[in-house]
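Participant: sequence plus the predicted model coming up.
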Amino acid sequence: MSQAYISSRSLASPVKETTTSFAGLELEDKSLRDEHIQEVYLEQKNRLARAIDSTKSILNDLRVFNKDSWVVRYPQISPSSDNSRRSMSFADDSTSTTEVVVRPGLQRSATLQVAKTEIEKPEEEKTELEDLPTDFHVLRLDLKLGPHGSATGPASLVSQLEKSSIANLLDERIAAAIKHTDKLRLRIDDTASKVLVTGDLNAGKSTFVNALLRKPVMPVDQQPCTTMFCEVHDAIENDGVEEVHIVTEGASYDIKDERTYTRASLEELETIVGQNENVQQMMRLYVTDARRPNESLIHNGVVDIALIDAPGLNRDSLKTTALFARQEEIDVVVFVVSAENHFTLSAKEFLWTASNEKAYLFIVVNRFDQIRDKDKCRRLVLEQIKQLSPRTYDDAEDLVHFVDSSSSQLPTSFNEPFNNLESSLRSFVLVKRAKSKLHPASTYLCHLLSDIDLLSSSNAIAAQVELDQARNDLCRVRPVLEKMQQGREELEEDLESVENAGTTKATRKTKDILITALERVGNGEPGVNNSIRMPTYPGLFGFWEYTREVRRTLLESLDMAVKLAQDEARIITSSGIDEITSLGEKHLPRDVERSKMVFMPERMFLPKKGGKKTRSTVVAGGLHGLGIGLAQRQDMLEITFFDVFDVRHHFASHFGEGENKSVEDESPATALSVISVGVGAITMVGGKTLGVRGLIEGFVRLTNILENETVRRWAAPVVGAVTIGLTAYFILELPNTIPRTVGRRIRSSLIHPTGDHSEELSFVNVNADRVSRETRKVLRIVSWDLRERFRVAMDERAKEVKTAEDIEIKASKALEWFTDVVRRTSETRSTAALM
């Protein structure tokens, strides 16, 4: 259908037009104006279509980015004393707030940036900022589940949601917005226009529609009678036939497919409506209008118009919800309100929702003639409109009309207020199509882009905050990690060095103490210089007990020497632990918890509990039964005759014979051999008595020796000398020789037969090994604890660095992406010249 426009409401006036000689010129000018309007409209429509496509692309990209790259956060903006500043928090973390500055953008949009310094804004800029949007229109999350401040209030509810949950809710809103943009695209491409006539019950909607048609088509009654959506079209679309098409439920209406509808006559309309009072169904009415095209709305010769008579808002919730849903496909909303009742709560909610998309609403205040105080009624209605739809209020002269529809139904009737209304409606729908058809789409698109700007700029701020935090974390953690990585081998070497040094020092100290102790014991002195004193010699008749006490005392002194070595090892261990602690202070980061282990020196060298009790249990050294506890061992406390008379030692010292040379050699008998055999034959066993077997063996051997002539000749002098020597020995030398004799025998019993004192001192080496193992064990436990803390700390720092690097990459990408979205929305506004 060709598009030609009429521009003034005077064309709708029933007053007869007059002609002048310039009629042809006026028609030519009008044609030129119509062509210009058409060109402007098409240009605006094409720009808006491109803007819708661009916005849809941005929304799709936003959904993908929200799903794959960045959890889009939902901001909450609170006002502050400074108009240019706002306090921004996020729904998933309402405790953290950021001061932001509202930065004016193109075409009444606003973006946010972090407030850095106090800048005095010019007064005119402050005034402008007051009106800038800092809240969502289309993408607002509806969380009205309870009053503010309650446990179920919006703030409390949202704060309990995780980022992902809020992002999913936001994704649903974005998906709904994409569907709406698809409908917008179809609406602006559609050459036809849909005019929705709605209002509260009994507001006179059907009467108003009949007045526009100048014939009683819609059923009218004092009771609500319009219960179905009735679309009124020009009968020309139905080949000039007036009839009703009842759309089959669930079918998509197609005038060429009779399976999608049922035919009926206009006369049956009232009956059909009455019979289907509770049925949610659509009807199409095809009606003829005998008036000229420049006077009729549906038969205008320019645009296909669908005049939709809707059920009352507050009839039931199902029909009201359906009416709200149909707004997406409506170009013009004509809201009929009763002058007697003004706007009800349902009407206010509908108008508030409709004004978010359609800034301009056509409002008809019906039954105005029945109002006495018309000025008061007009003032009250306009005040309500100002609150509900500011743009409509600004253009109230053309968009708000106070009429009485019932007096304007006949074609011959003349009602100036209603004629003015009809002329304004025709102008709004036909001439001002850029405002009636395109402006609702541009308004919705402007709100949607504003929401995208707000969402993008706030998330850009969040990304910048996370990026700064990640970089700060990297500046803080990365040097620590690099230092730890570089110092790891050094720490290992230092710990190994401390362990080896402590063990070596403890081993050397133990050997020095025990070797010195053995040397002193071998000389008949206590192994250590302390309070241990040698027993007092009781006299000749107590020499045997004296020998026993000397042995016990010398063994106790060796036990004290071992204890002294252990104490020295404890000191060395404590010093090593201090060194390890110093290494920890050197290599561990400051925020790493230090070891809480307490070194208890007295716990070292304790025998294991619960072990199998053996003879060596009382001996801390274990191996060979040597170590602490020598003075408690019965085998070490037993004494023999050689503890008193160490004949072999005397022979070795005086005659140079080895201690291991057999006294039973077959060499010729001498005086010395006689003495040796004689003394050896008088071995004492146990409690001071001579063994019978030893006496018999000694007697037999002595008899064999005396058969030798040489022996018999030297026997008497030798026996005399020995008798004199023994008497002098017992009286003079025995108290001094017993400690040395016992010490030599103790020292000899603790030395391996090889006699290599530096390497084969079993008593020394076994205890040195035991002390060194205990020292290494303690140092290793402490060093292992430090190694583990160092390893855990380094792993944590590596994890922090990896996390911070990932956040840095992710936040940097998000910052760049959201900044680009703001740029894209700005270009979209500029392309479509959105207001």
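Facilitator: It's in. Here the structure is a predicted model, which means the values were calculated and not measured.
Participant: quick check: which element contains residue 594?
Facilitator: Following DSSP states H and E, there is no helix or strand that holds residue 594.
Participant: who touches it in this structure?
Facilitator: 581, 584, 588, 789 (CB atoms under 8 Å, 6 or more residues apart in numbering). C-beta: built from backbone N, CA, C; applies to glycine.
Participant: let's verify the second one: helix, strand, or coil?
Facilitator: Just to be clear, that refers to residue 584. helix (DSSP: H, G, I helix; E, B strand; the rest coil).
Participant: and the nearest residue to it once chain neighbours are set aside, how far is that from residue 583?
Facilitator: Distances taken as CB to CB, 6 or more residues apart in numbering place residue 786 nearest to residue 584, at 5.0 Å, with adjacent residues excluded. Here the distance between residue 786 and residue 583 works out to 7 Å (CB to CB, to the nearest Å).
Participant: how many other residues sit next to the residue lying closest to residue 312 once chain neighbours are set aside?
Facilitator: Leaving aside its sequence neighbours, residue 312 sits nearest to residue 201 (CB to CB, 6+ apart; 3.6 Å). Neighbours of residue 201 under the rule other CB atoms under 10 Å: 17.
Participant: keeping just the C-alphas, turn the strand or helix carrying residue 307 into PDB.
Facilitator: Element membership of residue 307 [criterion: DSSP H and E] is strand 305-309. Extracted in PDB, the C-alpha atoms of strand 305-309 (Å, rounded to 0.1, in the frame of the first residue of the first chain):
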ATOM      1  CA  ILE A 305      -4.600   0.000  11.100                       C
ATOM      2  CA  ALA A 306      -5.700  -2.600  13.700                       C
ATOM      3  CA  LEU A 307      -7.900  -1.200  16.400                       C
ATOM      4  CA  ILE A 308      -7.700  -3.600  19.400                       C
ATOM      5  CA  ASP A 309     -10.400  -3.500  22.000                       C
END
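Participant: gap between it and the chain center?
Facilitator: 55 Å (CA atoms, centre = their mean, to the nearest Å).
Participant: list the buried residues in it.
Facilitator: 305, 306, 307, 308, 309 (16 or more other CB atoms under 10 Å).
Participant: nearest to residue 272 among the residues you listed?
Facilitator: Closest approach to residue 272 among the buried residues of strand 305-309 (CB to CB): residue 309, at 13.5 Å.
Participant: what separation is there between that closest one and residue 832?
Facilitator: When residue 309 is compared with residue 832 (using CB to CB), they lie 33 Å apart.
Participant: for residue 722, same thing?
Facilitator: 138 Å.
Participant: which intervals of the stretch 351-500 of the chain have sub-threshold pLDDT?
Facilitator: 408-414 (pLDDT under 70).
Participant: let me know the helix or strand that residue 263 is in.
Facilitator: Assigned by DSSP H and E, residue 263 falls in strand 261-264.
Participant: now that strand: buried residues?
Facilitator: Those buried within strand 261-264 under the rule 16+ other CB under 10 Å are 261, 264.
Participant: quick one: which of residue 722 and residue 832 has more around it?
Facilitator: residue 832 (25 against 16).
Participant: do you know how far that one is from residue 822?
Facilitator: 16 Å.
Participant: returning to what we had before: so what touches the strand holding residue 307?
Facilitator: Against strand 305-309 from outside (CB under 8 Å, 6+ apart): 192-197, 205-206, 209, 212-213, 218, 226, 229-234, 297-298, 326, 330, 429.
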